[in-house]
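Visitor: pasted the sequence and its predicted model underneath.
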Amino acid sequence: MGRRPPTFRLKRRYLLARINPPWREFEAKELYSAVMEAATSLWGDRITACMQPSVVTVARGYAILRCTRGEDERLATAIATVVGANRHPVSLRTVARSGTILSLKRRMARMPLKGERLAIERGGRAMEAVRYAGQKIDLIEEGIKNQELLFFTDNELEER
């Protein structure tokens, strides 16, 4: 049995979603579970089955998701409700939509890279800094019971 001609194929839409926090690494299977849970809790089993959501790829702090054409608005709404994956807090924000994976991969290549990690010392405490494009820096101090997250700019880091 050969491939179906284009007129018989199911039409798909693809969403490019930014993963926050960008330093957290996820596999496609972990995000798929989180997306399916969010979609079924928001829309129910029947509509989620019609959407056929899936995670195509995860790279550079972004994820490409697939659904059937006409259901991309519902999928975008569902992924906005994702709060965690694999017991780690995470949020997904829709950046772009397209009819092809290639156009989203090209767009993702133009996006800034996820945070560059630096080790710094501030106030006698060792911290890890994550620098993003756009002069934003997050300082993370790992503690015994929790982590403290501080927000900086490049200018404030240079003053120290």
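Guide: Right, received. Where do you want to start? Source: prediction; values computed, not measured.
Visitor: quick one: average pLDDT of stretch 79-86?
Guide: Average pLDDT, stretch 79-86: 93.
Visitor: domain ranges for the chain, per the record?
Guide: If you go by automatic domain parsing, the domain ranges for the chain are 10-110, 116-159.
Visitor: A helix includes Ala38, no?
Guide: Yes - under DSSP: H, G, I helix; E, B strand; the rest coil, Ala38 falls within a helix.
Visitor: re the thing from before, what's the most buried one of the domains of the chain?
Guide: Ranked by average neighbour count under the criterion mean count of other CB atoms under 10 Å, those are headed by domain 10-110 at a mean of 17. Bear in mind the C-beta positions are built from the backbone N, C-alpha and C, glycine included.
Visitor: show me what the residue positioned nearest the centre of the chain bridges to in the sheet.
Guide: Centroid-nearest residue in the chain: Ile19, 2.1 Å away (criterion: CA atoms, centre = their mean). Beta-bridge partners of Ile19, counted by DSSP bridges, are Leu92.
Visitor: list the residues that contact it.
Guide: Each residue near Ile19 by CB atoms under 8 Å, 6 or more residues apart in numbering is listed here: Phe26, Leu31, Val58, Gly61, Tyr62, Ala63, Val90, Ser91, Leu92.
Visitor: still on that earlier bit, any idea which of the domains of the chain scores lowest on pLDDT?
Guide: domain 116-159 (a mean of 62).
Visitor: could the contacts of Ile19 go into JSON lines alongside distance to Glu73?
Guide: Below are the contacts of Ile19 laid out as JSON lines (distance: CB to CB, whole Å):
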{"residue": "Phe26", "distance to Glu73": "24"}
{"residue": "Leu31", "distance to Glu73": "19"}
{"residue": "Val58", "distance to Glu73": "22"}
{"residue": "Gly61", "distance to Glu73": "24"}
{"residue": "Tyr62", "distance to Glu73": "20"}
{"residue": "Ala63", "distance to Glu73": "18"}
{"residue": "Val90", "distance to Glu73": "22"}
{"residue": "Ser91", "distance to Glu73": "18"}
{"residue": "Leu92", "distance to Glu73": "15"}
